[in-house]
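Novice: Build me a model from this:
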Amino acid sequence: MKRTLLTISLCVLLLIAKAQERSLTLEAKRNDNKSIDFNFIKTDPGTYTVVVKFASLSNAMDPGSSFTANDYNGRLFNLTPSNKEQGVGYGSYTTFYIRGKLNPKYNPGLIYLLPYKNEAKVQVAESGFLGAAYFGKTAPEDWKSYRFYTAEQDTVTAIRKGLVVEVKDLYEAGGEDVSYTSRTNELIIEHPDGTLATYKGFKKGSFAVKVGQTVFPGTSLGLNSKYDRNGKYNVSIMITYLKSVDVDKTDNSSTKSKSYYGFITPHFMTADNADEVLVAQKVYMAGSTAEVVQKEMTKRELKLLSKPKK
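Specialist: Just a heads-up that it's a prediction; the model follows:
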(Lines give C-alpha, C1' and ligand atoms only; values in the text may rest on other atoms or scores of the structure.)
Protein backbone atom coordinates (compact mmCIF):
# COMPACT_ATOMS: atom_id res chain seq x y z
CA MET A 1 0.00 0.00 0.00
CA LYS A 2 1.52 3.31 -1.01
CA ARG A 3 1.48 6.43 1.13
CA THR A 4 -1.90 8.09 0.86
CA LEU A 5 -2.79 11.74 0.73
CA LEU A 6 -4.41 13.30 3.72
CA THR A 7 -7.74 14.91 2.85
CA ILE A 8 -6.98 18.14 4.62
CA SER A 9 -6.82 21.74 3.53
CA LEU A 10 -3.73 23.74 4.25
CA CYS A 11 -3.83 25.58 7.56
CA VAL A 12 -3.98 28.89 5.71
CA LEU A 13 -7.05 27.75 3.78
CA LEU A 14 -8.65 26.54 6.99
CA LEU A 15 -8.01 29.96 8.51
CA ILE A 16 -9.62 31.73 5.57
CA ALA A 17 -12.68 29.51 5.80
CA LYS A 18 -13.02 30.25 9.49
CA ALA A 19 -12.79 33.98 8.85
CA GLN A 20 -15.57 33.75 6.29
CA GLU A 21 -17.79 31.86 8.72
CA ARG A 22 -17.26 34.53 11.40
CA SER A 23 -16.57 31.99 14.13
CA LEU A 24 -15.67 34.82 16.51
CA THR A 25 -16.73 38.46 16.84
CA LEU A 26 -15.54 41.26 19.15
CA GLU A 27 -17.61 43.92 20.86
CA ALA A 28 -16.22 47.01 22.66
CA LYS A 29 -18.12 48.18 25.76
CA ARG A 30 -17.34 51.49 27.50
CA ASN A 31 -17.75 51.34 31.27
CA ASP A 32 -18.73 54.02 33.78
CA ASN A 33 -15.14 54.22 35.04
CA LYS A 34 -14.02 55.15 31.48
CA SER A 35 -12.36 51.79 30.88
CA ILE A 36 -13.28 49.69 27.82
CA ASP A 37 -14.01 45.97 27.83
CA PHE A 38 -13.38 44.03 24.63
CA ASN A 39 -15.72 41.04 24.76
CA PHE A 40 -15.90 38.09 22.41
CA ILE A 41 -18.74 35.89 21.17
CA LYS A 42 -18.01 32.68 19.29
CA THR A 43 -19.82 29.71 17.85
CA ASP A 44 -18.23 26.83 19.77
CA PRO A 45 -16.76 26.18 23.24
CA GLY A 46 -13.23 25.53 22.04
CA THR A 47 -10.17 27.71 22.54
CA TYR A 48 -9.18 30.41 20.05
CA THR A 49 -6.18 32.69 20.02
CA VAL A 50 -7.11 36.23 19.01
CA VAL A 51 -4.64 38.82 17.76
CA VAL A 52 -5.72 42.46 18.08
CA LYS A 53 -3.64 45.34 16.70
CA PHE A 54 -4.58 48.99 17.26
CA ALA A 55 -3.67 51.63 14.66
CA SER A 56 -3.47 54.11 17.54
CA LEU A 57 -4.12 54.06 21.28
CA SER A 58 -4.14 56.92 23.80
CA ASN A 59 -4.46 57.18 27.57
CA ALA A 60 -4.02 53.43 28.06
CA MET A 61 -1.22 50.89 28.17
CA ASP A 62 -0.90 48.57 25.20
CA PRO A 63 -2.66 45.37 26.39
CA GLY A 64 -0.48 43.13 24.23
CA SER A 65 -1.31 41.54 20.92
CA SER A 66 -2.55 37.97 21.50
CA PHE A 67 -5.32 36.78 23.80
CA THR A 68 -7.02 33.49 24.64
CA ALA A 69 -10.78 33.11 24.16
CA ASN A 70 -12.43 30.16 25.92
CA ASP A 71 -16.05 29.00 26.02
CA TYR A 72 -18.78 30.70 23.96
CA ASN A 73 -18.32 34.24 25.25
CA GLY A 74 -16.41 36.35 27.75
CA ARG A 75 -14.04 39.28 28.21
CA LEU A 76 -10.95 39.20 26.06
CA PHE A 77 -9.14 42.19 27.59
CA ASN A 78 -9.72 45.58 29.20
CA LEU A 79 -8.31 49.01 28.41
CA THR A 80 -7.92 51.02 31.61
CA PRO A 81 -7.29 54.77 31.35
CA SER A 82 -3.88 55.93 32.57
CA ASN A 83 -5.45 59.27 33.50
CA LYS A 84 -8.64 58.38 35.37
CA GLU A 85 -10.17 61.76 34.50
CA GLN A 86 -10.06 61.09 30.76
CA GLY A 87 -11.37 58.36 28.54
CA VAL A 88 -9.39 55.89 26.46
CA GLY A 89 -8.98 56.74 22.80
CA TYR A 90 -8.22 54.39 19.93
CA GLY A 91 -8.48 54.44 16.18
CA SER A 92 -9.17 51.47 13.97
CA TYR A 93 -7.96 48.02 14.93
CA THR A 94 -7.51 44.73 13.11
CA THR A 95 -8.30 41.26 14.43
CA PHE A 96 -7.13 37.81 13.46
CA TYR A 97 -8.22 34.61 15.18
CA ILE A 98 -7.39 30.95 14.87
CA ARG A 99 -8.38 27.79 16.69
CA GLY A 100 -6.14 26.67 19.53
CA LYS A 101 -4.20 27.95 22.53
CA LEU A 102 -0.89 29.49 21.52
CA ASN A 103 2.11 27.32 22.45
CA PRO A 104 0.37 25.04 24.96
CA LYS A 105 2.44 22.89 27.30
CA TYR A 106 2.03 19.26 26.29
CA ASN A 107 3.68 15.94 27.03
CA PRO A 108 5.13 14.51 23.77
CA GLY A 109 5.31 11.06 25.34
CA LEU A 110 1.67 10.87 26.40
CA ILE A 111 -0.05 7.59 25.49
CA TYR A 112 -3.05 7.53 23.12
CA LEU A 113 -5.35 4.65 22.22
CA LEU A 114 -5.86 3.39 18.69
CA PRO A 115 -9.14 4.78 17.27
CA TYR A 116 -11.11 1.53 17.41
CA LYS A 117 -12.53 -0.78 20.06
CA ASN A 118 -10.36 -3.37 21.82
CA GLU A 119 -9.20 -6.29 19.68
CA ALA A 120 -9.95 -4.51 16.39
CA LYS A 121 -7.24 -5.14 13.78
CA VAL A 122 -5.98 -1.91 12.28
CA GLN A 123 -3.60 -1.32 9.38
CA VAL A 124 -1.71 1.96 9.59
CA ALA A 125 -0.52 4.24 6.79
CA GLU A 126 1.17 7.61 6.97
CA SER A 127 -0.68 10.33 5.08
CA GLY A 128 1.33 12.55 2.76
CA PHE A 129 1.30 16.34 2.80
CA LEU A 130 -1.30 17.76 0.44
CA GLY A 131 0.75 20.86 -0.35
CA ALA A 132 3.66 18.80 -1.66
CA ALA A 133 1.52 16.76 -4.02
CA TYR A 134 -0.70 19.53 -5.40
CA PHE A 135 0.86 22.93 -4.72
CA GLY A 136 4.62 22.45 -5.02
CA LYS A 137 5.19 23.06 -1.32
CA THR A 138 7.57 21.22 0.97
CA ALA A 139 6.05 19.52 3.98
CA PRO A 140 6.57 21.01 7.45
CA GLU A 141 9.54 19.41 9.17
CA ASP A 142 7.39 17.90 11.90
CA TRP A 143 4.53 16.76 9.62
CA LYS A 144 2.78 13.64 10.91
CA SER A 145 -0.62 12.22 10.10
CA TYR A 146 -1.91 8.67 10.20
CA ARG A 147 -4.67 6.80 8.40
CA PHE A 148 -6.21 3.80 10.14
CA TYR A 149 -7.74 1.07 7.94
CA THR A 150 -10.16 -1.70 8.90
CA ALA A 151 -11.33 -4.62 6.74
CA GLU A 152 -14.99 -3.86 7.43
CA GLN A 153 -16.82 -0.70 8.39
CA ASP A 154 -16.21 -0.05 12.08
CA THR A 155 -16.87 2.44 14.85
CA VAL A 156 -14.20 5.11 15.30
CA THR A 157 -13.41 5.83 18.96
CA ALA A 158 -11.69 8.69 20.74
CA ILE A 159 -7.94 8.27 21.23
CA ARG A 160 -7.87 10.60 24.25
CA LYS A 161 -10.09 12.65 26.56
CA GLY A 162 -11.20 15.97 25.15
CA LEU A 163 -13.94 18.40 24.24
CA VAL A 164 -15.69 18.12 20.87
CA VAL A 165 -15.32 21.59 19.36
CA GLU A 166 -16.26 21.04 15.73
CA VAL A 167 -18.34 18.55 13.76
CA LYS A 168 -18.75 18.66 9.97
CA ASP A 169 -21.33 16.20 8.64
CA LEU A 170 -22.00 17.22 5.05
CA TYR A 171 -20.76 14.72 2.50
CA GLU A 172 -21.46 11.27 1.15
CA ALA A 173 -18.42 9.03 0.63
CA GLY A 174 -15.99 10.50 -1.90
CA GLY A 175 -15.85 7.36 -4.04
CA GLU A 176 -13.09 4.93 -4.90
CA ASP A 177 -11.95 6.65 -8.10
CA VAL A 178 -10.18 9.58 -6.45
CA SER A 179 -6.84 9.92 -4.67
CA TYR A 180 -7.76 13.20 -2.98
CA THR A 181 -10.94 14.94 -1.88
CA SER A 182 -11.62 17.75 0.55
CA ARG A 183 -15.23 16.58 0.86
CA THR A 184 -14.86 14.53 4.02
CA ASN A 185 -16.84 14.56 7.25
CA GLU A 186 -14.73 15.41 10.25
CA LEU A 187 -14.59 16.40 13.87
CA ILE A 188 -12.06 18.20 16.02
CA ILE A 189 -11.44 17.36 19.67
CA GLU A 190 -9.55 19.74 21.95
CA HIS A 191 -7.50 17.92 24.59
CA PRO A 192 -7.01 19.16 28.18
CA ASP A 193 -3.48 20.37 27.38
CA GLY A 194 -4.62 22.49 24.41
CA THR A 195 -3.58 20.12 21.62
CA LEU A 196 -6.09 19.32 18.89
CA ALA A 197 -7.01 15.99 17.28
CA THR A 198 -8.61 16.20 13.84
CA TYR A 199 -10.45 13.05 12.70
CA LYS A 200 -11.47 12.86 9.02
CA GLY A 201 -13.42 10.35 6.99
CA PHE A 202 -16.70 9.60 8.79
CA LYS A 203 -19.79 8.16 7.16
CA LYS A 204 -22.42 10.86 6.74
CA GLY A 205 -25.04 10.77 9.47
CA SER A 206 -23.06 8.40 11.70
CA PHE A 207 -21.73 10.84 14.31
CA ALA A 208 -22.45 9.72 17.87
CA VAL A 209 -21.21 12.94 19.55
CA LYS A 210 -21.96 16.64 19.31
CA VAL A 211 -20.17 19.95 19.84
CA GLY A 212 -19.70 20.70 23.54
CA GLN A 213 -19.57 17.04 24.58
CA THR A 214 -16.65 15.68 26.62
CA VAL A 215 -15.35 12.35 25.35
CA PHE A 216 -12.96 9.84 26.89
CA PRO A 217 -10.54 7.29 25.40
CA GLY A 218 -12.74 4.67 23.77
CA THR A 219 -15.86 6.85 23.40
CA SER A 220 -17.71 6.05 20.14
CA LEU A 221 -17.47 8.96 17.68
CA GLY A 222 -19.00 7.62 14.46
CA LEU A 223 -18.42 5.17 11.59
CA ASN A 224 -15.42 5.17 9.26
CA SER A 225 -15.94 5.22 5.49
CA LYS A 226 -14.38 4.60 2.09
CA TYR A 227 -13.23 7.77 0.37
CA ASP A 228 -10.23 7.01 -1.86
CA ARG A 229 -8.84 4.57 -4.43
CA ASN A 230 -7.70 2.20 -1.73
CA GLY A 231 -11.30 1.05 -1.27
CA LYS A 232 -10.88 0.20 2.39
CA TYR A 233 -12.71 1.69 5.35
CA ASN A 234 -10.55 4.20 7.14
CA VAL A 235 -10.27 7.36 9.18
CA SER A 236 -7.34 9.78 9.26
CA ILE A 237 -6.08 11.49 12.42
CA MET A 238 -3.52 14.17 13.10
CA ILE A 239 -2.63 15.85 16.39
CA THR A 240 -1.57 19.47 16.29
CA TYR A 241 -0.90 22.49 18.48
CA LEU A 242 -0.94 26.19 17.67
CA LYS A 243 2.67 27.37 17.50
CA SER A 244 2.48 30.73 15.72
CA VAL A 245 0.11 33.60 14.98
CA ASP A 246 2.66 35.61 13.00
CA VAL A 247 0.60 36.51 9.93
CA ASP A 248 3.06 39.18 8.78
CA LYS A 249 5.71 36.71 7.68
CA THR A 250 3.56 34.66 5.29
CA ASP A 251 5.28 34.30 1.90
CA ASN A 252 2.95 32.86 -0.72
CA SER A 253 5.75 32.74 -3.30
CA SER A 254 7.91 30.43 -1.24
CA THR A 255 7.96 26.66 -1.74
CA LYS A 256 8.32 26.27 2.02
CA SER A 257 4.94 25.75 3.67
CA LYS A 258 3.81 28.30 6.21
CA SER A 259 2.02 26.50 9.03
CA TYR A 260 0.55 28.09 12.11
CA TYR A 261 0.41 24.62 13.66
CA GLY A 262 2.99 22.17 14.90
CA PHE A 263 2.43 18.45 14.37
CA ILE A 264 2.84 15.82 17.07
CA THR A 265 4.04 12.25 16.59
CA PRO A 266 1.87 10.43 19.15
CA HIS A 267 2.72 7.35 21.18
CA PHE A 268 0.00 4.68 21.10
CA MET A 269 -1.00 1.76 23.27
CA THR A 270 -1.67 -1.44 21.35
CA ALA A 271 -2.66 -4.91 22.51
CA ASP A 272 1.02 -5.92 22.36
CA ASN A 273 2.81 -2.79 23.50
CA ALA A 274 2.03 -0.14 26.12
CA ASP A 275 4.06 2.55 24.33
CA GLU A 276 4.59 2.41 20.59
CA VAL A 277 5.32 4.84 17.76
CA LEU A 278 3.38 3.39 14.85
CA VAL A 279 5.10 2.03 11.76
CA ALA A 280 3.46 2.49 8.36
CA GLN A 281 1.98 -0.59 6.68
CA LYS A 282 1.99 -2.57 9.92
CA VAL A 283 -1.14 -4.18 11.38
CA TYR A 284 -1.90 -3.56 15.05
CA MET A 285 -4.55 -4.79 17.45
CA ALA A 286 -6.32 -2.19 19.57
CA GLY A 287 -6.04 -2.51 23.33
CA SER A 288 -6.47 -0.37 26.43
CA THR A 289 -6.09 -0.29 30.20
CA ALA A 290 -8.06 1.48 32.92
CA GLU A 291 -4.99 3.59 33.66
CA VAL A 292 -4.87 5.05 30.14
CA VAL A 293 -8.63 5.55 29.93
CA GLN A 294 -8.88 7.28 33.31
CA LYS A 295 -5.61 9.23 33.49
CA GLU A 296 -7.14 12.61 32.56
CA MET A 297 -10.49 12.18 34.28
CA THR A 298 -11.48 14.56 37.07
CA LYS A 299 -12.44 13.27 40.51
CA ARG A 300 -16.09 13.84 39.64
CA GLU A 301 -15.77 11.91 36.39
CA LEU A 302 -14.06 9.02 38.17
CA LYS A 303 -16.81 8.99 40.79
CA LEU A 304 -19.50 8.84 38.10
CA LEU A 305 -17.59 6.07 36.35
CA SER A 306 -17.48 3.97 39.52
CA LYS A 307 -21.24 4.17 40.08
CA PRO A 308 -23.08 0.95 39.13
CA LYS A 309 -25.25 1.28 36.04
CA LYS A 310 -29.00 0.93 36.61
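
Novice: which residue packs closest to the most centrally placed residue in the chain, ignoring adjacent ones?
Specialist: When CA atoms, centre = their mean is applied to the chain, the residue found nearest the centroid is residue 196 (3.3 Å). Spatially, and ignoring its direct neighbours in sequence, residue 196 is nearest to residue 240 (5.2 Å; CB to CB, 6 or more residues apart in numbering). For every residue, glycine as well, the C-beta is placed using N, CA and C.

Novice: neighbours around the one you found, how many?
Specialist: Per other CB atoms under 10 Å, the neighbour tally for residue 240 reads 22.

Novice: Over to the one 4 residues further on?
Specialist: The local packing of residue 244 (other CB under 10 Å) involves 16 other residues.

Novice: Equivalent analysis for residue 52, please.
Specialist: Residues near residue 52, counting by other CB under 10 Å: 18.

Novice: Tell me, what's the model's pLDDT at it?
Specialist: Residue 52 is assigned 95 on the pLDDT scale.

Novice: One more: residue 172?
Specialist: Value for residue 172, per-residue pLDDT: 87.

Novice: and it, what is it in contact with?
Specialist: Contacts of residue 172 were listed using CB atoms under 8 Å, 6 or more residues apart in numbering, and they are residue 204.

Novice: picking up where we left off before, beta partners of the residue nearest to the centre of the chain?
Specialist: Under DSSP bridges, the beta-bridge partners of residue 196 are residue 190, residue 240.

Novice: what's the answer for residue 146, then?
Specialist: Per DSSP bridges, the residues bridged to residue 146 are residue 126, residue 237.

Novice: Next, count neighbours for it.
Specialist: Neighbour number of residue 146 under other CB under 10 Å is 23.

Novice: hang on, it packs against residue 235?
Specialist: No. Counting by CB atoms under 8 Å, residue 146 does not reach residue 235; the two are 9.4 Å apart.

Novice: Between its first and last residues, how far does stretch 267-280 reach?
Specialist: Distance across stretch 267-280, first residue to last, is 14 Å (CA to CA, to the nearest Å).
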